[in-house]
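# Next input, structure requested:
(one chain, ligands or ions: 1)
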Amino acid sequence: MNQPAHQFASDNYSGICSEALDYLQAANVGDAPAYGNDEWTQRVADKFRELFETDCEVFFVFNGTAANSLSLSALCQSYHSVICHETAHIETDECGGPEFASNGSKLLLAKGELGKLDPTDVERLIIRRCDIHYPKPKVVSVTQATELGTLYTVDELHALRELADRHGLKIHMDGARFANAVVALSQTPADLTWRAGVDVLCLGGTKNGMAVGEAIVFFDKALATDFAYRCKQAGQLASKMRFIAAPWLGLLETGAWLRNARQANAMAAYLAERLKRFPGVRLMFPPQANSVFLELPESTVGALRARGWLFYTFIGVGGVRLMCSWNTTPQAVDQFVDDLAHSLA
Ligand SMILES: Cc1ncc(COP(=O)(O)O)c(C=O)c1O
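The predicted structure is shown next:
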(Lines give C-alpha, C1' and ligand atoms only; values in the text may rest on other atoms or scores of the structure.)
Protein backbone atom coordinates (compact mmCIF):
# COMPACT_ATOMS: atom_id res chain seq x y z
CA MET A 1 0.00 0.00 0.00
CA ASN A 2 2.75 2.46 0.93
CA GLN A 3 4.31 4.09 -2.09
CA PRO A 4 8.09 4.52 -2.22
CA ALA A 5 9.17 7.81 -0.77
CA HIS A 6 9.05 10.73 -3.14
CA GLN A 7 9.35 13.20 -0.39
CA PHE A 8 11.61 15.47 1.60
CA ALA A 9 8.64 16.88 3.47
CA SER A 10 9.31 15.65 6.95
CA ASP A 11 11.04 13.08 9.10
CA ASN A 12 7.53 12.46 10.41
CA TYR A 13 6.66 10.85 7.08
CA SER A 14 9.08 7.98 7.72
CA GLY A 15 8.02 4.66 9.11
CA ILE A 16 9.25 2.81 12.18
CA CYS A 17 12.82 1.53 12.14
CA SER A 18 13.38 -2.20 12.63
CA GLU A 19 15.06 -1.83 16.04
CA ALA A 20 12.07 0.03 17.46
CA LEU A 21 9.72 -2.48 15.88
CA ASP A 22 11.64 -5.50 17.23
CA TYR A 23 11.45 -4.17 20.77
CA LEU A 24 7.79 -3.28 20.32
CA GLN A 25 7.09 -6.87 19.38
CA ALA A 26 9.15 -8.17 22.28
CA ALA A 27 7.05 -6.04 24.62
CA ASN A 28 3.92 -7.55 23.10
CA VAL A 29 4.49 -10.93 24.72
CA GLY A 30 2.09 -11.50 27.58
CA ASP A 31 0.64 -8.88 29.89
CA ALA A 32 2.42 -6.22 31.91
CA PRO A 33 1.46 -3.61 34.51
CA ALA A 34 -0.05 -0.42 33.11
CA TYR A 35 0.75 3.31 33.38
CA GLY A 36 4.52 2.92 33.38
CA ASN A 37 4.77 0.40 36.20
CA ASP A 38 6.22 -2.18 33.83
CA GLU A 39 9.75 -3.44 33.40
CA TRP A 40 10.30 -1.82 29.98
CA THR A 41 9.64 1.62 31.39
CA GLN A 42 11.95 0.99 34.34
CA ARG A 43 14.68 -0.30 32.08
CA VAL A 44 14.52 2.56 29.62
CA ALA A 45 14.45 5.19 32.37
CA ASP A 46 17.63 3.62 33.79
CA LYS A 47 19.10 3.56 30.31
CA PHE A 48 18.49 7.30 29.98
CA ARG A 49 20.24 7.88 33.32
CA GLU A 50 23.21 5.88 32.05
CA LEU A 51 23.21 7.70 28.72
CA PHE A 52 23.10 11.14 30.31
CA GLU A 53 25.51 10.12 33.08
CA THR A 54 23.28 11.59 35.76
CA ASP A 55 20.34 10.80 37.99
CA CYS A 56 17.64 12.47 35.90
CA GLU A 57 13.85 12.06 35.96
CA VAL A 58 12.31 10.70 32.76
CA PHE A 59 8.71 10.87 31.51
CA PHE A 60 7.10 9.84 28.22
CA VAL A 61 4.36 11.58 26.28
CA PHE A 62 2.84 11.00 22.87
CA ASN A 63 4.26 13.91 20.89
CA GLY A 64 6.54 16.90 20.82
CA THR A 65 3.89 19.53 21.35
CA ALA A 66 2.86 17.85 24.60
CA ALA A 67 6.48 17.43 25.67
CA ASN A 68 7.26 21.11 25.12
CA SER A 69 3.99 22.43 26.50
CA LEU A 70 4.00 20.33 29.66
CA SER A 71 7.68 20.73 30.44
CA LEU A 72 7.45 24.50 30.01
CA SER A 73 4.37 24.61 32.21
CA ALA A 74 6.40 22.86 34.92
CA LEU A 75 8.93 25.71 34.81
CA CYS A 76 6.47 28.60 34.74
CA GLN A 77 3.67 30.20 36.65
CA SER A 78 0.93 31.73 34.49
CA TYR A 79 2.43 35.22 34.91
CA HIS A 80 5.86 34.17 33.63
CA SER A 81 7.29 34.36 30.13
CA VAL A 82 9.43 32.06 28.00
CA ILE A 83 12.00 33.57 25.68
CA CYS A 84 12.41 31.68 22.43
CA HIS A 85 13.58 32.33 18.89
CA GLU A 86 11.01 33.85 16.57
CA THR A 87 11.14 30.70 14.42
CA ALA A 88 10.83 28.29 17.38
CA HIS A 89 8.38 25.43 16.96
CA ILE A 90 6.76 26.35 20.29
CA GLU A 91 5.90 29.73 18.75
CA THR A 92 5.05 28.82 15.18
CA ASP A 93 3.68 25.28 15.21
CA GLU A 94 2.14 24.33 18.54
CA CYS A 95 -1.16 26.15 18.26
CA GLY A 96 -0.59 28.00 21.54
CA GLY A 97 -0.03 24.72 23.40
CA PRO A 98 2.70 26.07 25.73
CA GLU A 99 0.57 29.08 26.69
CA PHE A 100 -2.49 26.86 27.15
CA ALA A 101 -0.71 24.28 29.33
CA SER A 102 0.73 26.96 31.57
CA ASN A 103 -2.51 28.91 31.89
CA GLY A 104 -1.13 31.88 30.02
CA SER A 105 2.66 32.09 30.28
CA LYS A 106 3.65 34.33 27.40
CA LEU A 107 6.24 33.58 24.74
CA LEU A 108 8.62 36.49 24.08
CA LEU A 109 10.30 36.31 20.70
CA ALA A 110 14.00 36.95 20.32
CA LYS A 111 16.00 37.35 17.17
CA GLY A 112 19.22 35.69 16.14
CA GLU A 113 21.07 34.56 13.04
CA LEU A 114 20.52 31.07 11.62
CA GLY A 115 17.58 30.26 13.87
CA LYS A 116 19.67 30.57 17.03
CA LEU A 117 19.03 32.90 19.95
CA ASP A 118 21.23 35.95 20.07
CA PRO A 119 22.12 36.35 23.78
CA THR A 120 22.10 40.14 23.42
CA ASP A 121 18.55 40.11 22.16
CA VAL A 122 17.54 37.63 24.85
CA GLU A 123 18.97 39.96 27.48
CA ARG A 124 17.16 42.92 25.91
CA LEU A 125 13.87 41.09 26.48
CA ILE A 126 14.84 40.19 30.05
CA ILE A 127 15.84 43.68 31.18
CA ARG A 128 13.56 45.81 29.04
CA ARG A 129 11.03 45.97 31.86
CA CYS A 130 10.94 44.91 35.49
CA ASP A 131 7.59 46.30 36.50
CA ILE A 132 4.52 44.37 37.55
CA HIS A 133 2.83 44.81 34.15
CA TYR A 134 5.37 42.79 32.19
CA PRO A 135 5.25 38.94 32.16
CA LYS A 136 8.29 38.03 34.22
CA PRO A 137 10.92 36.19 32.14
CA LYS A 138 11.48 32.74 33.61
CA VAL A 139 12.73 30.40 30.87
CA VAL A 140 14.98 30.50 27.84
CA SER A 141 13.97 27.86 25.30
CA VAL A 142 16.43 26.62 22.68
CA THR A 143 15.84 24.15 19.87
CA GLN A 144 18.64 21.70 19.13
CA ALA A 145 18.96 21.07 16.18
CA THR A 146 17.16 24.31 15.27
CA GLU A 147 14.12 24.65 13.07
CA LEU A 148 16.47 25.88 10.32
CA GLY A 149 18.74 22.84 10.49
CA THR A 150 21.55 24.61 12.33
CA LEU A 151 23.22 23.80 15.63
CA TYR A 152 24.09 25.53 18.87
CA THR A 153 27.70 24.85 19.79
CA VAL A 154 28.53 23.88 23.36
CA ASP A 155 30.04 27.34 23.85
CA GLU A 156 26.85 29.01 22.66
CA LEU A 157 24.83 26.92 25.12
CA HIS A 158 27.20 27.89 27.94
CA ALA A 159 26.81 31.57 27.03
CA LEU A 160 23.02 31.28 27.29
CA ARG A 161 23.38 29.49 30.63
CA GLU A 162 25.60 32.22 31.95
CA LEU A 163 23.01 34.79 30.89
CA ALA A 164 20.19 32.74 32.41
CA ASP A 165 22.09 32.46 35.70
CA ARG A 166 22.59 36.20 35.87
CA HIS A 167 18.83 36.69 35.69
CA GLY A 168 17.57 33.58 37.47
CA LEU A 169 16.10 31.84 34.42
CA LYS A 170 15.74 28.14 33.56
CA ILE A 171 16.78 26.56 30.27
CA HIS A 172 14.46 24.34 28.25
CA MET A 173 15.68 22.47 25.18
CA ASP A 174 13.35 21.33 22.40
CA GLY A 175 15.31 18.30 21.22
CA ALA A 176 12.90 16.96 18.62
CA ARG A 177 16.11 16.39 16.59
CA PHE A 178 18.54 16.12 19.49
CA ALA A 179 20.06 12.88 18.14
CA ASN A 180 21.00 14.70 14.93
CA ALA A 181 22.78 17.33 17.01
CA VAL A 182 24.64 14.73 19.08
CA VAL A 183 26.12 13.02 16.04
CA ALA A 184 26.77 16.23 14.09
CA LEU A 185 28.61 17.88 16.96
CA SER A 186 30.36 14.69 18.16
CA GLN A 187 29.47 15.57 21.73
CA THR A 188 28.09 13.41 24.50
CA PRO A 189 24.41 13.80 25.41
CA ALA A 190 25.55 15.07 28.82
CA ASP A 191 27.85 17.72 27.36
CA LEU A 192 25.06 19.00 25.14
CA THR A 193 22.53 19.21 27.96
CA TRP A 194 22.98 19.45 31.73
CA ARG A 195 26.72 20.08 31.59
CA ALA A 196 25.89 23.02 29.31
CA GLY A 197 23.19 24.19 31.69
CA VAL A 198 20.00 22.65 30.28
CA ASP A 199 17.40 22.05 32.99
CA VAL A 200 14.92 20.04 30.95
CA LEU A 201 15.17 18.33 27.56
CA CYS A 202 12.33 17.22 25.30
CA LEU A 203 13.92 14.37 23.40
CA GLY A 204 12.37 13.33 20.11
CA GLY A 205 11.77 9.69 19.35
CA THR A 206 9.24 10.01 16.55
CA LYS A 207 11.54 11.66 14.03
CA ASN A 208 14.32 9.29 15.04
CA GLY A 209 12.51 6.11 13.94
CA MET A 210 9.71 5.46 16.41
CA ALA A 211 5.98 5.40 15.74
CA VAL A 212 5.19 7.72 18.60
CA GLY A 213 6.61 8.89 21.89
CA GLU A 214 8.88 11.63 23.17
CA ALA A 215 10.92 11.57 26.35
CA ILE A 216 11.03 14.47 28.79
CA VAL A 217 14.25 14.46 30.76
CA PHE A 218 14.50 16.64 33.88
CA PHE A 219 18.10 17.21 34.90
CA ASP A 220 16.96 19.43 37.74
CA LYS A 221 14.86 16.85 39.53
CA ALA A 222 13.13 19.40 41.72
CA LEU A 223 11.39 20.69 38.59
CA ALA A 224 9.80 17.28 38.07
CA THR A 225 7.82 17.38 41.30
CA ASP A 226 4.24 16.30 40.57
CA PHE A 227 5.01 16.25 36.84
CA ALA A 228 3.31 12.86 36.46
CA TYR A 229 0.02 14.50 37.51
CA ARG A 230 0.48 17.16 34.85
CA CYS A 231 0.92 14.45 32.19
CA LYS A 232 -2.11 12.54 33.42
CA GLN A 233 -4.33 15.61 33.54
CA ALA A 234 -3.30 16.55 30.02
CA GLY A 235 -4.22 13.10 28.70
CA GLN A 236 -0.58 12.26 28.11
CA LEU A 237 -0.13 9.32 30.46
CA ALA A 238 -0.10 6.23 28.25
CA SER A 239 -1.87 3.34 29.93
CA LYS A 240 0.14 0.84 27.86
CA MET A 241 3.34 2.76 28.47
CA ARG A 242 5.49 -0.24 27.60
CA PHE A 243 4.71 0.28 23.92
CA ILE A 244 6.43 3.68 24.05
CA ALA A 245 9.16 2.57 26.45
CA ALA A 246 10.21 -0.60 24.62
CA PRO A 247 10.86 1.03 21.21
CA TRP A 248 12.84 3.73 23.00
CA LEU A 249 14.92 1.01 24.62
CA GLY A 250 15.39 -0.53 21.17
CA LEU A 251 16.75 2.74 19.81
CA LEU A 252 19.11 3.27 22.74
CA GLU A 253 20.37 -0.27 23.42
CA THR A 254 21.15 -1.05 19.81
CA GLY A 255 22.63 2.37 19.05
CA ALA A 256 20.00 2.88 16.34
CA TRP A 257 19.19 6.37 17.64
CA LEU A 258 22.67 7.52 16.61
CA ARG A 259 22.84 5.43 13.44
CA ASN A 260 19.48 6.78 12.31
CA ALA A 261 20.52 10.36 12.99
CA ARG A 262 23.85 9.85 11.25
CA GLN A 263 22.09 8.54 8.14
CA ALA A 264 19.69 11.49 8.08
CA ASN A 265 22.53 13.99 8.50
CA ALA A 266 24.66 12.27 5.86
CA MET A 267 21.82 12.41 3.35
CA ALA A 268 21.29 16.12 4.03
CA ALA A 269 25.02 16.73 3.54
CA TYR A 270 24.99 14.76 0.29
CA LEU A 271 21.90 16.61 -0.93
CA ALA A 272 23.44 19.97 -0.09
CA GLU A 273 26.66 19.03 -1.84
CA ARG A 274 24.82 18.14 -5.03
CA LEU A 275 22.58 21.21 -4.88
CA LYS A 276 25.50 23.57 -4.49
CA ARG A 277 26.63 22.71 -7.99
CA PHE A 278 23.51 24.24 -9.55
CA PRO A 279 23.85 27.85 -10.59
CA GLY A 280 20.79 29.76 -9.44
CA VAL A 281 20.14 27.52 -6.44
CA ARG A 282 20.96 29.16 -3.14
CA LEU A 283 21.25 27.30 0.14
CA MET A 284 19.71 29.56 2.77
CA PHE A 285 21.55 28.21 5.82
CA PRO A 286 24.54 25.97 6.43
CA PRO A 287 23.02 22.48 6.55
CA GLN A 288 24.44 21.25 9.86
CA ALA A 289 21.92 18.54 10.73
CA ASN A 290 19.31 16.77 8.61
CA SER A 291 17.59 19.54 6.69
CA VAL A 292 18.48 21.70 3.74
CA PHE A 293 16.74 24.98 2.93
CA LEU A 294 17.00 26.49 -0.51
CA GLU A 295 15.62 29.30 -2.56
CA LEU A 296 14.02 28.24 -5.82
CA PRO A 297 11.95 30.08 -8.40
CA GLU A 298 8.19 29.54 -7.95
CA SER A 299 8.00 27.86 -11.36
CA THR A 300 10.61 25.30 -10.29
CA VAL A 301 8.76 24.61 -7.07
CA GLY A 302 5.64 23.99 -9.13
CA ALA A 303 7.47 21.76 -11.59
CA LEU A 304 8.94 19.62 -8.79
CA ARG A 305 5.51 19.28 -7.22
CA ALA A 306 4.10 18.28 -10.59
CA ARG A 307 6.68 15.49 -10.64
CA GLY A 308 5.24 14.25 -7.38
CA TRP A 309 7.75 15.65 -4.91
CA LEU A 310 6.48 16.55 -1.47
CA PHE A 311 8.20 19.23 0.61
CA TYR A 312 7.27 22.20 2.75
CA THR A 313 7.71 25.86 1.90
CA PHE A 314 6.22 27.48 5.01
CA ILE A 315 8.76 26.55 7.70
CA GLY A 316 11.08 29.07 9.31
CA VAL A 317 11.50 32.03 7.02
CA GLY A 318 10.18 30.33 3.89
CA GLY A 319 12.11 28.73 1.08
CA VAL A 320 12.02 25.06 0.20
CA ARG A 321 12.75 22.84 3.21
CA LEU A 322 14.16 19.44 2.32
CA MET A 323 14.11 17.23 5.38
CA CYS A 324 16.07 13.99 5.44
CA SER A 325 15.25 11.10 7.68
CA TRP A 326 16.70 7.86 9.02
CA ASN A 327 15.44 6.04 5.93
CA THR A 328 16.37 8.60 3.25
CA THR A 329 18.45 6.94 0.54
CA PRO A 330 21.11 8.31 -1.81
CA GLN A 331 18.85 7.16 -4.64
CA ALA A 332 16.08 9.47 -3.41
CA VAL A 333 18.58 12.35 -3.29
CA ASP A 334 19.80 11.57 -6.82
CA GLN A 335 16.27 11.33 -8.14
CA PHE A 336 15.34 14.68 -6.59
CA VAL A 337 18.45 16.35 -7.99
CA ASP A 338 17.76 14.93 -11.47
CA ASP A 339 14.19 16.18 -11.32
CA LEU A 340 15.41 19.56 -10.13
CA ALA A 341 17.77 19.76 -13.10
CA HIS A 342 14.86 19.09 -15.46
CA SER A 343 12.63 21.54 -13.64
CA LEU A 344 15.22 24.30 -13.85
CA ALA A 345 15.88 23.66 -17.51
C1 LIG B 1 11.49 21.61 16.40
C2 LIG B 1 10.30 20.73 16.67
N3 LIG B 1 9.86 20.60 17.91
C4 LIG B 1 8.84 19.79 18.21
C5 LIG B 1 8.19 19.06 17.23
C6 LIG B 1 7.14 18.08 17.63
O7 LIG B 1 5.91 18.29 17.16
P8 LIG B 1 4.73 17.22 17.20
O9 LIG B 1 3.79 17.69 18.25
O10 LIG B 1 4.14 17.28 15.85
O11 LIG B 1 5.29 15.88 17.56
C12 LIG B 1 8.58 19.22 15.90
C13 LIG B 1 7.86 18.51 14.81
O14 LIG B 1 7.82 18.87 13.69
C15 LIG B 1 9.67 20.07 15.61
O16 LIG B 1 10.11 20.23 14.35
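
# Next, find the distance separating the residue lying closest to residue 339 once chain neighbours are set aside from residue 6.
Of all residues not flanking residue 339 in the chain, residue 307 sits nearest, at 4.9 Å (CB to CB, 6 or more residues apart in numbering). Just so you know, the C-beta spots here come from the backbone N, C-alpha and C atoms, and that holds for glycine as well. Distance of residue 307 to residue 6, given as CB to CB, to the nearest Å: 8 Å.

# before we move on, what about residue 22?
Counting by CB to CB, the gap from residue 22 to residue 6 is 28 Å.

# again with residue 126
Distance from residue 126 to residue 6, by CB to CB: 46 Å.

# of the two, who's got more company?
Neighbour totals were compared for residue 126 and residue 6, and residue 126 leads with 23 against 14 (other CB atoms under 10 Å).

# Isn't the more buried one up against residue 160?
No. Between residue 126 and residue 160 there is no contact under CB atoms under 8 Å: 11.5 Å.

# residue contacts, the closest residue to residue 16 other than its chain neighbours?
For residue 16, ignoring the flanking residues on the chain, the nearest one in space by CB to CB, 6+ apart is residue 211 at 4.8 Å. If you count contacts by CB atoms under 8 Å, 6 or more residues apart in numbering, residue 211 has them with 16, 20, 24, 247.

# For residue 214, see how far away residue 115 is.
20 Å.

# which one of those two has more residues nearby?
residue 214 (29 against 22).

# from what I can see that one touches residue 70, true?
No. The criterion here is CB under 8 Å, and residue 214 misses it with residue 70 at 10.2 Å.

# Now the common contact residues for those two.
residue 61.

# Next up, the contacts around the residue nearest in space to the middle of the chain.
Central residue check for the chain by CA atoms, centre = their mean: the C-alpha nearest the mean position is that of residue 176, 1.5 Å away. Under the criterion of CB under 8 Å, 6+ apart, the neighbours of residue 176 are 64, 89, 143, 202, 204, 206-207, 214.

# so where do the strands sit in the protein?
Listed in chain order, the strands of the chain (DSSP state E) span 57-61, 80-85, 106-110, 136-143, 170-175, 200-203, 214-218, 282-283, 291-295, 320-323.

# could you dump those strands to CSV with distance to the ligand and mean pLDDT?
Output for the strands of the chain, formatted as CSV (distance: least, CB to the nearest ligand atom, whole Å; pLDDT from 0 to 100):
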stretch, distance to the ligand, mean pLDDT
strand 57-61, 9, 98
strand 80-85, 10, 98
strand 106-110, 14, 98
strand 136-143, 5, 98
strand 170-175, 5, 98
strand 200-203, 7, 98
strand 214-218, 7, 98
strand 282-283, 19, 94
strand 291-295, 9, 96
strand 320-323, 9, 97
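
# give me the low-pLDDT residue ranges for this structure?
1-5 (pLDDT under 70).

# what residues does it put near the ligand?
63-65, 89, 143, 147, 174, 176, 206 (CB under 6 Å from any ligand atom).

# out of those, which one sits closest to residue 12?
The shortest approach to residue 12 among the residues of the chain next to the ligand belongs to residue 206, at 6.4 Å (CB to CB).

# Contacts only, for the closest one.
Counting by CB under 8 Å, 6+ apart, residue 206 has contacts 12, 63-64, 176, 212-214.

# Are any of the residues you listed buried, and if so which?
With neighbours counted by 16 or more other CB atoms under 10 Å, these contain buried members at 63-64, 176, 213-214.

# got these as CSV, with distance to residue 242 columns?
Shown next, in CSV, are those (distance: CB to CB, whole Å):
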residue, distance to residue 242
63, 18
64, 21
176, 23
213, 11
214, 16
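
# hmm, which two among these are most spread apart?
176 and 213 (12.3 Å).

# I'd assumed residue 256 was in contact with residue 209.
Yes. Judged on CB under 8 Å, residue 209 makes contact with residue 256 at a distance of 6.3 Å.

# Which neighbours do these two have in common?
17, 19-20.

# and which of those residues is nearest to residue 329?
residue 17 (13.9 Å).

# what residues are up against the closest one?
209-210, 251, 256, 260, 326-327.

# again, only this time at 6 Å
Going by CB atoms under 6 Å, 6 or more residues apart in numbering, residue 17 touches 209, 256, 260, 326.

# Equivalent analysis for residue 273, please.
Contacts of residue 273 by CB under 6 Å, 6+ apart: none found.

# and residue 247, what does it touch?
20, 23-24, 210.

# quick one: which two of those residues are the most distant?
Between all members of those, the farthest pair (by CB to CB) comes out as 23 and 210, at 9.8 Å.

# measure residue 100 to the ligand for me?
Residue 100 sits at a distance of 13 Å from the ligand (criterion: CB to the nearest ligand atom, to the nearest Å).

# Nearest spatial neighbour of that residue, chain-adjacent residues omitted?
residue 69 (6.9 Å).

# Tell me which stretches of the stretch 1-150 of the chain form helices.
18-27, 39-51, 64-75, 89-92, 97-101, 119-127 (DSSP state H, counting those that start in this stretch).

# Appreciated, that's everything.
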